[in-house]
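Asker: model the following, please.
(one chain, ligands or ions: 1)
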Amino acid sequence: MALPSLPFFSKHKKPLLNRCRDDHATKMRLKYDPYYHVIEEQRGSTVRLDGRDMIMLASNDYLGLSFDPRVVEAGQAAMQRWGASPTGARSANGSRAYHIELEEKLAAHLGREACHVHSSGYLSCMSSVAAFAQKGDLVFADKNLHSSLWDGIRLSMASVERFAHNNPTDLRDALEAAAPDAAKMLVLEGVYSMEGHICRLPELVPLAEAHHCFTVLDDAHGFGVLGKDGRGTPNHFGLEGQIDIVCGSLSKSLGSTGGFVAASREVIDFLRTNSKQTIFSAALSPAQAAIASTALDLMQREPEHRERLWANTRKYRAMLDELGLDTWGSETPAVPIVLGSKERVYPFWQALREKGIFTIMSIAPAVPAGKDLIRTAISALHTDEQLERIAEAMAYAVKKVGVGR
Ligand SMILES: Cc1ncc(COP(=O)(O)O)c(C=O)c1O
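Answerer: Next comes the predicted model:
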């Protein structure tokens, strides 16, 4: 008779628990500890990590509004008035006057009839695809889309055609090869979050129109950064109204958390009826809505935040160019430093950290093979003195790793 194995030596009987225990990616993450760093304190673009002050060079707080006292105060006042949470979905007990107020403001800002806000940008972007595309439809997707959009595509059960990143010729070929009668959707980002590329909307939108595509644009990184008063990528190109859905996040330029979907009234009504992410998830909290709403007012009234952001971005890009670093042709404050292999990324990231600069590594498969990179982002909050310290740290990392000029 076989002896029962001792629990100390035996593996779990549940295969899924074994999968957790044996997962290579998790083992590597725990060994090298590159993610999930716990910041102990923050003051604007300065963070404290392991007891040491560092410059934050990886935040999406583009306009630096998350630390504006007026924004913080608005969040506090909203909690006093509404409590901590709406504790329910909008479709049930969770709808509040502050949601409607924020939605009307966002819709007006984006030049759309209507808007719906969710408790995360991920939900907004996922539902912008999943609620509309269905089995039998054809979704045309830029290869470098954000994970929230891929999840929406997968959930929709529609067929997918990926086209080369930001490449109108490739999209045209894919559209021409597709069944003319299929219901079609085109999914794009206004500013690609990893690459910092601006979407080639003036060439892509006419193709979508010619082939009767319903167009979804995730403008998480264009909102607040591009266009008049930060109205985003469609406004930047004068193409507002030619895109069916603009979705995005409140966690970047608006310094809050949450997300939005802006479109015509009938599209938003359909979303509210059919999107599971919208119907079955608790609504945006009072503090986060008030923060986003106040930040939006400031964004409209005070252009100096965006002006400072772009001045900093120009200085930063010139600094990286001078060092001969590859920024993947970034055109925006989201600036990757492409090093091409994890063997270079890791020591570069460590060298920056040693010099007190907080950045994020992104290695394949999170980015295409050969594009392993350090993801950095500039904020309006970065001071000239901080930019000088960043320049010194970059020069040090370049020398240490033997990249650049
Ligand atoms: C392009 C893009 N879309 C959607 C999201 C999701 O937004 P959030 O972080 O607010 O959930 C992000 C954030 O990482 C993003 O970069």
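Asker: ok, for whatever residue of the stretch 301-405 of the chain ends up closest to the ligand, nearest residue in space, not its chain neighbours?
Answerer: Relative to the ligand, the nearest point of the stretch 301-405 of the chain is Ala334 (8.6 Å; CB to the nearest ligand atom). For every residue, glycine as well, the C-beta is placed using N, CA and C. With sequence-adjacent residues excluded and distances taken as CB to CB, 6 or more residues apart in numbering, Ala334 is closest to Gly196, at 4.0 Å.
Asker: the one you found: neighbouring residues, count only.
Answerer: Neighbourhood size, Gly196 [other CB atoms under 10 Å]: 24.
Asker: next: Ala114.
Answerer: Neighbours of Ala114 using other CB under 10 Å come to 19.
Asker: quick check: beta-bridge partners of it?
Answerer: Ala263 (DSSP bridges).
Asker: ok, now which ones touch it?
Answerer: 103, 107, 262-265, 267-269 (CB atoms under 8 Å, 6 or more residues apart in numbering).
Asker: which among the residues you listed count as buried?
Answerer: 103, 107, 262-263, 267-268 (16 or more other CB atoms under 10 Å).
Asker: would you point out the most distant pair within those residues?
Answerer: Glu103 and Val267 (13.4 Å; CB to CB).
Asker: look up how far the ligand lies from Lys124.
Answerer: Careful, residue 124 is Ser; it's not Lys. 7 Å (CB to the nearest ligand atom, to the nearest Å).
Asker: what packs against the helix or strand where that residue lies?
Answerer: If you go by DSSP states H and E, Ser124 is part of helix 121-130. With contacts defined as 3 or more CB pairs under 8 Å, 6 or more residues apart in numbering; DSSP states H and E, helix 121-130 has these neighbours: strand 114-118, helix 147-156, strand 213-218, strand 245-249, strand 259-263, helix 276-279.
Asker: do the first one and the ligand meet at all?
Answerer: No. Strand 114-118 stays out of contact with the ligand when judged by CB under 6 Å from any ligand atom, the minimum separation being 8.7 Å.
Asker: can you state the direction angle for that strand and helix 121-130?
Answerer: Counting by axes from the mean of the first three to the mean of the last three CA atoms, to 10 degrees, strand 114-118 points 130 degrees away from the direction of helix 121-130.
Asker: going forward can the numbers begin at 19, since that is how I track them
Answerer: Shifting the count to begin at 19 puts that one at strand 132-136.
Asker: just checking, Asn253 is part of a strand?
Answerer: No. Assessed with DSSP: H, G, I helix; E, B strand; the rest coil, Asn253 is helix; it does not lie in a strand.
Asker: nearest spatial neighbour of Asp247, skipping sequence neighbours?
Answerer: In space, Asp247 is closest to Gln318, 5.0 Å off (CB to CB, 6+ apart).
Asker: show me which residues of this structure are close to the ligand?
Answerer: By CB under 6 Å from any ligand atom, the residues of the chain that approach the ligand are 138-140, 143, 164, 166, 207, 211, 236, 238-239, 267, 269, 277.
Asker: drop anything exposed from those residues.
Answerer: Using 16+ other CB under 10 Å, the buried members of the residues of the chain next to the ligand are 138-140, 143, 164, 166, 207, 211, 236, 238-239, 267, 269, 277.
Asker: closest to the ligand among the residues you listed?
Answerer: Among those, Gly139 lies closest to the ligand (CB to the nearest ligand atom), at 2.4 Å.
Asker: on that earlier part again, max pairwise distance over the buried ones among the residues of the chain next to the ligand: which two?
Answerer: Within those, Ser138 and Glu207 form the most distant pair, 16.6 Å apart (CB to CB).
Asker: re earlier: dump the residue contacts of the residue nearest to Asp247.
Answerer: Gln318 neighbours (CB under 8 Å, 6+ apart): 127, 247-248.
Asker: state the distance from it to Pro351.
Answerer: 19 Å (CB to CB, to the nearest Å).
Asker: cool, Leu173 as well?
Answerer: Leu173 is 31 Å from Pro351, by CB to CB.
Asker: in terms of neighbours, single out the busier of the two.
Answerer: The residue with more neighbours, out of Leu173 and Pro351, is Pro351; 29 against 16, by other CB under 10 Å.
Asker: in this structure the more buried one contacts Leu327, no?
Answerer: Yes. At 5.8 Å, Pro351 counts as touching Leu327 under the criterion of CB atoms under 8 Å.
Asker: before we move on, back to that, the residue nearest to Asp247 in helix, strand or coil?
Answerer: Under three-state DSSP, Gln318 comes out as helix.
Asker: from Ala387, how far out is it?
Answerer: For Gln318, the distance to Ala387 - CB to CB - is 42 Å.
Asker: next one: Lys246
Answerer: Lys246 is 39 Å from Ala387, by CB to CB.
Asker: the residue of the stretch 319-423 of the chain closest to the ligand pairs with what?
Answerer: Counting by DSSP bridges, the residues bridging with Ala352 are Ala395.
Asker: doesn't His239 make contact with it?
Answerer: Yes. Using CB under 8 Å, Ala352 is in contact with His239, at 5.6 Å.
Asker: need the residues touching each of those two.
Answerer: Shared contacts of Ala352 and His239, counting by CB under 8 Å, 6+ apart, come down to 209-211, 214.
Asker: widest-spaced pair of the residues you listed?
Answerer: Using CB to CB, these span at most 8.0 Å, a distance reached by Ser211 and Gly214.
Asker: hey, what's in contact with both of these two?
Answerer: Contact criterion CB under 8 Å, 6+ apart; residues shared by Ser211 and Gly214: 239, 352.
Asker: I'd guessed Ser174 sits against Ala148; true?
Answerer: Yes. Ser174 lies in contact with Ala148 (CB under 8 Å); the separation is 5.0 Å.
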